[in-house]
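Engineer: Model the structure of this input:
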Amino acid sequence: MLPQITLTTARLTLRTPIEADFEAAQTFMSGPRSVFVGGPHTDAFTAWRGFLAAAGTWALKGFGYFTVLHGDSIVGRVGLGENPGWDEPELGWHLYDGCEGHGYATEAALAARDWAYNARGLGPLISYIAPGNASSRAVAQRLGAHLERTRELMGKPAQVWRHGVPA
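Structural biologist: Numbering: from 1, shown residues only. Have a look, this model is predicted:
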């Protein structure tokens, strides 16, 4: 059983994932927006395996990606990941189709980052961002992160953005 954690912001609810979140995650992973997170994957099995891996991070490490809701609508996933070959836990954000441009990624990432520092003692965190992902770079900058270095990640170039410790 996953820990049941819920965070709230002025407009959003972040909660640990539940099985009913899979359909939205699968839709995201099958579309072009998933190119920066290893997609697209059009088969349900690969999407399910990725969804379970994200849930497994919660079970094994006590942190992971939150499902982000605006009202009753799932708008994306934001939280922490850590995979083999990664330098340290990463703060990441994935907004679903039609949900960009509202500040959801920044608002949710601030909440997840603060929770990671205060509740889990993690940080300062990094974010891996593909060089071509201008939207993600803009979110990192709004969060106060700075470009620390570049490296190869999963066979592709990645920028490593370093987040500061919240006040």
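
Engineer: what about the nearest residue to Glu90 once chain neighbours are set aside, neighbour count?
Structural biologist: Nearest-residue entry for Glu90: Gly81, 5.1 Å, with adjacent residues in sequence omitted and distances by Cβ to Cβ, 6 or more residues apart in numbering. No exception for glycine: its C-beta is placed from N, CA and C like everyone else's. Using other Cβ atoms under 10 Å, Gly81 has 19 other residues around it.

Engineer: I'd assumed Trp58 was in contact with Gly81.
Structural biologist: No - between Gly81 and Trp58 no contact is recorded; they are 10.6 Å apart, counting by Cβ atoms under 8 Å.

Engineer: Now list whatever residues contact both of these two.
Structural biologist: Contact with both Gly81 and Trp58 is made by residues Gly64, according to Cβ atoms under 8 Å, 6 or more residues apart in numbering.

Engineer: pLDDT weak spots in the chain?
Structural biologist: Within the chain, the stretches with pLDDT under 70 are 27-41, 43, 167.
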